[in-house]
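A.B. asks: model this:
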Amino acid sequence: MNNIKKIAVIGGTGKAGKYLVNHLLNQNIQVKMLVRNPEKLKIKNNLLEIVKGDVKDFESVLSLLEGCNALVSTLGQDKTEAPIFSKATNNILKAMDKVNMKRFILVTGITLDAIGDKKGFKTKLLSKIMKLSFPAIVADKQNQYSILLESNVDWTVIRIPFIEESELIGTIKTSLTDIQGKKISTSDLAVFIFDQLSNSNFIRKAPFIAN
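C.D. replies: Predicted coordinates:
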């Protein structure tokens, strides 16, 4: 694991995050998770540490990262709320610098435009629909990517299509130019994220993944 012993997780109570946390714990990896409402958390494990707080609060993020080797964010948000991704990323990068952490893995959607993209017609169409439906959130996620480009951390932005909750492990298709499938299972996403913790192939890159 290249000295990766304790992972900080943001968004661990969401659809993708729950599978990720369980997968890490099953691999005997210590997990430190930021949670706004710990009383609602059902998972119990001796390897799991909970930090009560909000990603919009710098001190909460700093407390989360202390003692960890890497950070994974599967952060989502209610479509009715004001965009939070840029603010969250600024807090994360500031906290990473303070604790001398380098590895940051982020999960986002296929709408994000990244360097080297050669999106096909279907991907462009879906992206356009999302941009028209949720312009502020899409713009904020694009700004989040720009912030990462200016940073000095070893980030990987994983771009995914529709998430399907499943325990099955299948074949994962990756591409740096366009999405290769319509969906990704939560279990396969968790496996892929875990692999990136000890894999340098996609550092400072934004791969699409799908089944």
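A.B. asks: Please make it C-alpha for all contacts and neighbour counts, starting now.
C.D. replies: Will do.
A.B. asks: Tell me where the chain has strands.
C.D. replies: For the chain, the strands defined by DSSP state E cover 6-10, 30-35, 48-52, 70-73, 103-109, 154-160, 162-164, 173-175, 183-185, 208-210.
A.B. asks: elements contacting the first one?
C.D. replies: Contact analysis of strand 6-10 by 3 or more Cα pairs under 8 Å, 6 or more residues apart in numbering; DSSP states H and E lists strand 30-35, strand 70-73 as its packing neighbours.
A.B. asks: low-confidence ranges in the protein?
C.D. replies: Along the chain, the model assigns pLDDT under 70 to residues 1-3.
A.B. asks: same thing but at 80, please
C.D. replies: 1-4, 40, 168 (pLDDT under 80).
A.B. asks: returning to what we had before: kindly reformat the strands of the chain as CSV and extend each row with distance to S60 and mean neighbour count.
C.D. replies: Converted to CSV, the strands of the chain look like this (distance: least, Cα to Cα, whole Å; neighbours: other Cα atoms under 10 Å):
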stretch, distance to S60, mean neighbour count
strand 6-10, 11, 24
strand 30-35, 8, 24
strand 48-52, 7, 17
strand 70-73, 14, 23
strand 103-109, 17, 21
strand 154-160, 21, 23
strand 162-164, 28, 15
strand 173-175, 33, 15
strand 183-185, 30, 21
strand 208-210, 30, 24
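A.B. asks: Reformat those strands as CSV; add distance to D97.
C.D. replies: Below are those laid out as CSV (distance: least, Cα to Cα, whole Å):
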stretch, distance to D97
strand 6-10, 15
strand 30-35, 18
strand 48-52, 19
strand 70-73, 12
strand 103-109, 11
strand 154-160, 12
strand 162-164, 32
strand 173-175, 30
strand 183-185, 32
strand 208-210, 27
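A.B. asks: of all those strands, which lies closest to S200?
C.D. replies: strand 154-160 (8.9 Å; Cα to Cα).
A.B. asks: ok, and what's touching that closest one?
C.D. replies: Applying Cα atoms under 8 Å, 6 or more residues apart in numbering, the contact partners of strand 154-160 are 102-110, 112, 148, 179, 183-184, 202-210.
A.B. asks: Tally up the residues packed near V99, please.
C.D. replies: 15 (other Cα atoms under 10 Å).
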